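Q: What shape does this take:
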Amino acid sequence: MYLFILALHSLVRWFVLISLLFAIYRAYRGWLFNKSFGKFDNSVRLVTATIAHIQLTIGVWLYFISPIVSYFLHNFHEAVHERQIRFFGMEHVTMMLIAITLITIGSAKAKRKVTDKEKFKCMAIWFTIALLVILSSIPWSFSPLISRPSFRPF
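A: Numbers count the residues shown, from 1 in each chain. Down below sits the predicted model:
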(Lines give C-alpha, C1' and ligand atoms only; values in the text may rest on other atoms or scores of the structure.)
Protein backbone atom coordinates (compact mmCIF):
# COMPACT_ATOMS: atom_id res chain seq x y z
CA MET A 1 0.00 0.00 0.00
CA TYR A 2 2.77 2.42 0.97
CA LEU A 3 4.62 2.02 -2.35
CA PHE A 4 1.43 2.52 -4.35
CA ILE A 5 0.50 5.72 -2.47
CA LEU A 6 4.10 6.95 -2.79
CA ALA A 7 4.04 6.38 -6.57
CA LEU A 8 0.63 8.05 -6.85
CA HIS A 9 1.84 11.07 -4.84
CA SER A 10 4.89 11.29 -7.09
CA LEU A 11 2.71 11.17 -10.22
CA VAL A 12 0.11 13.67 -9.06
CA ARG A 13 2.83 16.24 -8.27
CA TRP A 14 3.31 16.62 -12.03
CA PHE A 15 -0.40 17.38 -12.45
CA VAL A 16 -0.14 19.96 -9.67
CA LEU A 17 2.88 21.60 -11.30
CA ILE A 18 1.40 21.58 -14.81
CA SER A 19 -1.97 22.93 -13.70
CA LEU A 20 -0.34 25.57 -11.50
CA LEU A 21 2.02 26.70 -14.27
CA PHE A 22 -0.89 26.90 -16.71
CA ALA A 23 -3.03 28.83 -14.21
CA ILE A 24 -0.16 31.25 -13.58
CA TYR A 25 0.33 31.71 -17.32
CA ARG A 26 -3.38 32.45 -17.79
CA ALA A 27 -3.37 34.79 -14.78
CA TYR A 28 -0.39 36.88 -15.91
CA ARG A 29 -1.68 36.92 -19.49
CA GLY A 30 -5.07 38.15 -18.34
CA TRP A 31 -3.67 40.64 -15.86
CA LEU A 32 -1.00 42.19 -18.09
CA PHE A 33 -3.01 42.19 -21.33
CA ASN A 34 -6.39 43.17 -19.84
CA LYS A 35 -8.18 40.00 -20.93
CA SER A 36 -11.63 39.11 -19.71
CA PHE A 37 -11.91 36.50 -16.96
CA GLY A 38 -14.13 33.96 -18.64
CA LYS A 39 -15.53 30.56 -17.77
CA PHE A 40 -12.36 28.87 -18.97
CA ASP A 41 -10.20 30.95 -16.62
CA ASN A 42 -12.56 30.21 -13.76
CA SER A 43 -12.34 26.51 -14.59
CA VAL A 44 -8.54 26.68 -14.66
CA ARG A 45 -8.60 28.32 -11.22
CA LEU A 46 -10.95 25.69 -9.85
CA VAL A 47 -9.20 22.68 -11.43
CA THR A 48 -5.81 23.88 -10.17
CA ALA A 49 -7.09 24.19 -6.60
CA THR A 50 -8.85 20.83 -6.85
CA ILE A 51 -5.75 19.01 -8.09
CA ALA A 52 -3.73 20.61 -5.29
CA HIS A 53 -6.30 19.41 -2.74
CA ILE A 54 -6.24 15.89 -4.17
CA GLN A 55 -2.46 15.92 -3.81
CA LEU A 56 -2.86 17.17 -0.23
CA THR A 57 -5.19 14.26 0.56
CA ILE A 58 -2.77 11.74 -0.92
CA GLY A 59 0.13 13.42 0.88
CA VAL A 60 -1.60 13.33 4.28
CA TRP A 61 -2.45 9.67 3.74
CA LEU A 62 1.17 9.00 2.79
CA TYR A 63 2.40 10.93 5.83
CA PHE A 64 0.52 8.65 8.20
CA ILE A 65 1.67 5.36 6.63
CA SER A 66 5.27 6.36 5.83
CA PRO A 67 7.98 4.40 7.64
CA ILE A 68 10.23 7.47 7.38
CA VAL A 69 7.69 9.66 9.14
CA SER A 70 6.99 6.94 11.69
CA TYR A 71 10.70 6.81 12.51
CA PHE A 72 10.78 10.62 12.71
CA LEU A 73 7.83 10.80 15.09
CA HIS A 74 9.01 7.96 17.34
CA ASN A 75 12.64 9.08 17.46
CA PHE A 76 12.19 12.83 17.23
CA HIS A 77 15.25 13.93 19.24
CA GLU A 78 17.64 11.90 17.08
CA ALA A 79 15.70 12.12 13.79
CA VAL A 80 15.48 15.91 13.81
CA HIS A 81 19.25 15.99 13.31
CA GLU A 82 19.13 13.70 10.23
CA ARG A 83 18.55 15.81 7.10
CA GLN A 84 16.54 13.33 5.03
CA ILE A 85 14.40 12.14 7.91
CA ARG A 86 13.69 15.70 9.07
CA PHE A 87 12.84 16.77 5.52
CA PHE A 88 10.02 14.23 5.16
CA GLY A 89 8.96 14.26 8.80
CA MET A 90 8.69 18.02 9.17
CA GLU A 91 9.93 20.32 6.38
CA HIS A 92 8.20 18.90 3.31
CA VAL A 93 4.80 18.53 4.95
CA THR A 94 4.94 22.02 6.50
CA MET A 95 5.93 23.77 3.29
CA MET A 96 3.37 21.89 1.22
CA LEU A 97 0.61 22.71 3.70
CA ILE A 98 1.62 26.36 3.37
CA ALA A 99 1.59 26.08 -0.44
CA ILE A 100 -1.87 24.46 -0.52
CA THR A 101 -3.12 27.15 1.85
CA LEU A 102 -1.76 29.84 -0.48
CA ILE A 103 -3.46 28.22 -3.47
CA THR A 104 -6.74 27.93 -1.57
CA ILE A 105 -6.63 31.54 -0.39
CA GLY A 106 -5.64 32.79 -3.85
CA SER A 107 -8.43 30.83 -5.50
CA ALA A 108 -11.05 31.99 -3.02
CA LYS A 109 -9.94 35.63 -3.13
CA ALA A 110 -9.81 35.64 -6.95
CA LYS A 111 -13.32 34.22 -7.09
CA ARG A 112 -14.60 37.13 -4.98
CA LYS A 113 -12.86 39.94 -6.84
CA VAL A 114 -15.11 42.23 -8.81
CA THR A 115 -13.09 43.12 -11.91
CA ASP A 116 -11.41 40.74 -14.29
CA LYS A 117 -8.04 42.43 -13.81
CA GLU A 118 -8.28 42.01 -10.03
CA LYS A 119 -9.16 38.31 -10.43
CA PHE A 120 -6.17 37.68 -12.67
CA LYS A 121 -3.83 39.71 -10.46
CA CYS A 122 -4.94 37.89 -7.34
CA MET A 123 -4.47 34.50 -8.97
CA ALA A 124 -1.09 35.49 -10.41
CA ILE A 125 0.33 36.67 -7.09
CA TRP A 126 -0.98 33.95 -4.79
CA PHE A 127 -0.35 31.08 -7.20
CA THR A 128 3.18 32.30 -7.99
CA ILE A 129 4.08 32.42 -4.31
CA ALA A 130 2.62 28.93 -3.85
CA LEU A 131 4.62 27.66 -6.82
CA LEU A 132 7.85 29.02 -5.35
CA VAL A 133 7.11 27.29 -2.05
CA ILE A 134 6.35 24.03 -3.86
CA LEU A 135 9.46 24.19 -6.04
CA SER A 136 11.63 24.77 -2.98
CA SER A 137 10.15 21.79 -1.15
CA ILE A 138 9.95 19.02 -3.74
CA PRO A 139 12.66 16.37 -3.31
CA TRP A 140 13.98 16.83 -6.85
CA SER A 141 16.16 14.11 -8.37
CA PHE A 142 18.89 16.71 -8.99
CA SER A 143 18.82 18.30 -5.53
CA PRO A 144 22.05 18.17 -3.53
CA LEU A 145 20.06 18.46 -0.27
CA ILE A 146 17.42 15.75 -0.64
CA SER A 147 16.97 13.62 -3.70
CA ARG A 148 14.22 11.29 -4.88
CA PRO A 149 13.32 9.95 -8.34
CA SER A 150 11.30 12.21 -10.64
CA PHE A 151 9.01 9.31 -11.56
CA ARG A 152 8.23 6.31 -9.38
CA PRO A 153 6.87 3.10 -10.88
CA PHE A 154 3.60 1.63 -9.61
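Q: Contact partners for residue 9?
A: When contacts are counted by Cβ atoms under 8 Å, 6 or more residues apart in numbering, residue 9 touches 55, 58, 59, 62. (Glycine included, C-beta is placed from N, CA and C.)
Q: what do you get if the cut-off is 6 Å, keeping everything else the same?
A: Residues in contact with residue 9, defined by Cβ atoms under 6 Å, 6 or more residues apart in numbering, are 58, 59, 62.
Q: Same question for residue 62.
A: When contacts are counted by Cβ under 6 Å, 6+ apart, residue 62 touches 5, 9.
Q: For the helix or strand hosting it, buried residues please.
A: Assigned by DSSP states H and E, residue 62 belongs to helix 39-65. For helix 39-65, burial by neighbour count (16 or more other Cβ atoms under 10 Å) applies to 41, 44-45, 48-49, 51-52, 55-56, 58-59, 62-63.
Q: Where do the helices of this protein begin and end?
A: Along the chain, counting by DSSP state H, helices occupy 2-32, 39-65, 67-74, 76-79, 83-86, 92-112, 116-137.
Q: Just the buried residues of the third one, please?
A: Buried residues in helix 67-74, defined by neighbour count with 16+ other Cβ under 10 Å: 68, 69, 71, 72.
Q: and the angle from that helix to helix 2-32?
A: 90 degrees (axes from the mean of the first three to the mean of the last three Cα atoms, to 10 degrees).
Q: hmm, who's touching helix 67-74?
A: 63, 79, 85, 88, 89.
Q: Make a markdown table out of the helices of the chain and add distance to residue 147 and mean pLDDT.
A: Converted to a markdown table, these look like this (distance: least, Cβ to Cβ, whole Å; pLDDT from 0 to 100):
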| stretch | distance to residue 147 | mean pLDDT |
| --- | --- | --- |
| helix 2-32 | 13 | 98 |
| helix 39-65 | 18 | 98 |
| helix 67-74 | 14 | 97 |
| helix 76-79 | 18 | 97 |
| helix 83-86 | 9 | 94 |
| helix 92-112 | 13 | 98 |
| helix 116-137 | 13 | 98 |
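Q: To residue 154, which of the ones you listed lies closest?
A: Evaluated over the helices of the chain, closeness to residue 154 peaks at helix 2-32, with 4.7 Å, by Cβ to Cβ.
Q: before we move on, the earlier item: dump the buried residues of helix 39-65 to CSV, plus distance to residue 143.
A: Formatted as CSV, the buried residues of helix 39-65 follow (distance: Cβ to Cβ, whole Å):
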residue, distance to residue 143
41, 33
44, 29
45, 30
48, 24
49, 27
51, 23
52, 21
55, 19
56, 22
58, 21
59, 18
62, 19
63, 20
